[in-house]
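[1] quick one: sequence and predicted model below, then my questions.
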Protein chains: 4
Amino acid sequence: MANDEKNELIKHTYRNDNEKNTLKRRLSIIEGQVRGIKQMIDDNRYCGDILIQLLAVNKALQSLENIILESHLEKCISNQIKEGNTEVTKEIMELFKKIR
Amino acid sequence: MANDEKNELIKHTYRNDNEKNTLKRRLSIIEGQVRGIKQMIDDNRYCGDILIQLLAVNKALQSLENIILESHLEKCISNQIKEGNTEVTKEIMELFKKIR
Amino acid sequence: MANDEKNELIKHTYRNDNEKNTLKRRLSIIEGQVRGIKQMIDDNRYCGDILIQLLAVNKALQSLENIILESHLEKCISNQIKEGNTEVTKEIMELFKKIR
Amino acid sequence: MANDEKNELIKHTYRNDNEKNTLKRRLSIIEGQVRGIKQMIDDNRYCGDILIQLLAVNKALQSLENIILESHLEKCISNQIKEGNTEVTKEIMELFKKIR
């Protein structure tokens, strides 16, 4: 019951299995990259090389963010604007400021 | 033997246990954040909320990069410059350009 | 005539005098900052100090970009989506990618 | 006299005429771009197009910053480290954090 109430406050975006798998596969790759960097720390690898790997994780995250943002704009945001919820542009602006 | 040869081509930065543990703890937190986002995908959570979590991972990575870069500049880079290897400023410049 | 034809290909956003003056005042300040940096070059000022001034210009530009983007999302983009032109989300996505 | 005293507090980086002209030419181009955007505001040009021009100014600034940073690392920073002023890596770190 408490869980149901909590669920009502949580917003959802439904995704099909295909979309879920694409996103989760990318996240698993990122997880693997992070684990690999932990190993590099253990192996006393050169900081310059560790930094390059960390920057590669940043890039992988950004490309995933772009995929999610693109579908967010096309579906959620467009629909909310069509339904008259123009406040949603503020949400995009907030995301945008966080992204910079 | 093959391993030894390979090792000679790999550059190293020695870190004490304390440094290693600090860096690995931060990487484990990032790994946990990424796993949490996979769960959010499974739970059909709102893309806006997923984006905010992804941006939080970016921030965590950047703060880790800053820690590593700071010690990289203080130790490796300073020492290499003192030893007359001024080419190392090119390495820093490359990192800077990747980071932007 | 040639000018009229050209004008038809150019997209417009109408702004009132108040909006125009606010934006132009900010651009004039940025212009002044850039001129000031030219003077610093002439005065052989320390590169570290010049870099800090250049980064201040970046910040001023970003804050102007945020103002324009916010009104762009609230007016142009929202209206185009309401009119059924959902292609416009692609335009926003392109801007986002350029901005990163 | 007052001016002389002030000058002693200001740090300098000497540049030859060639370096000065290269940097000032780039700054003049940026100034011209900013003036062009003021004209676009007056001409009620589409915000999307103004944003693209503003982002072009950002890019031009970043490429100038890279030129200055590169020479800053090669000359000023290397020299200061060789002279034993290792504190200078903190200055680079501060610039780096501002740049992100």
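    Thanks, I have the structure now.

[2] for residue A:96, what are its contacts?
    C:66, C:69, C:96, C:99 (Cβ atoms under 8 Å, 6 or more residues apart in numbering or on different chains). All C-beta atoms are positioned from the backbone trio N, CA, C, and that covers glycine.

[3] can you find the helix or strand of chain A with the lowest average pLDDT?
    Across the helices and strands of chain A, the lowest-confidence element by mean pLDDT, DSSP states H and E is helix A:2-9, at a mean of 60.

[4] one step back: whichever of the contacts of residue A:96 end up buried, select them in ChimeraX.
    To isolate the buried ones among the contacts of residue A:96 in ChimeraX, judged by 16 or more other Cβ atoms under 10 Å in any protein chain shown, type:
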select /C:69,96,99
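
[5] in strands only, show me the contacts of residue A:96.
    Assigned to strands by DSSP state E, none of the contacts of residue A:96 qualify.

[6] and the two most separated of the contacts of residue A:96?
    Spatial extent of those (Cβ to Cβ) is set by the pair C:66 and C:96 at 12.8 Å.

[7] I'd like to know how many residues surround the residue of chain A found nearest chain D.
    Minimum separation of chain A from chain D (Cβ to the nearest Cβ) falls at residue A:100, amounting to 9.8 Å. Look at residue A:100: counted by other Cβ atoms under 10 Å in any protein chain shown, it has 11 neighbours.

[8] kindly report the same for residue A:86.
    As a burial measure, residue A:86 scores 16 neighbours (other Cβ under 10 Å).

[9] repeat that for the one 5 residues further on.
    A count of nearby residues for residue A:91, using other Cβ under 10 Å, gives 17.

[10] coming back round to it: now, which of the contacts of residue A:96 sits nearest chain B?
    Chain B has its nearest neighbour among the contacts of residue A:96 in residue C:96, at 11.3 Å by Cβ to the nearest Cβ.

[11] what residue is smack in the middle of chain A?
    Taking Cα atoms, centre = their mean, the centroid of chain A lies closest to residue A:65, which sits 4.6 Å from it.

[12] dump the residue contacts of that one.
    Listed by Cβ under 8 Å, 6+ apart, the contact partners of residue A:65 are A:99, B:51, B:54, B:55, B:58.

[13] and the fourth one, what pLDDT?
    Residue B:55 is assigned 97 on the pLDDT scale.

[14] same check, this time on the first one
    Note for residue A:99: predicted pLDDT of 85.

[15] from memory residue A:80 sits against residue A:89, does it?
    No. The criterion here is Cβ atoms under 8 Å, and residue A:80 misses it with residue A:89 at 9.3 Å.

[16] more neighbours, these two?
    More crowded of residue A:80 and residue A:89, by other Cβ under 10 Å: residue A:89, with 23 against 16.

[17] where does pLDDT dip in chain A?
    Scanning chain A for pLDDT under 70 picks out A:1-8.

[18] chain A: strands as residue ranges?
    Using DSSP E, strands in chain A do not occur.

[19] as a quick check, tell me the outermost residue of it.
    Largest centre distance within chain A, by Cα atoms, centre = their mean: residue A:44, 30.4 Å.

[20] coming back round to it: what residues are up against the residue of chain A closest to chain D?
    For residue A:100, the contacting residues are C:62, C:99, C:100, by Cβ under 8 Å, 6+ apart.

[21] what residues are up against the first one?
    When the contact criterion is Cβ under 8 Å, 6+ apart, the partners of residue C:62 are A:100, D:58.

[22] roughly how far does it sit from chain B?
    Distance, residue C:62 to chain B, using Cβ to the nearest Cβ, to the nearest Å: 13 Å.
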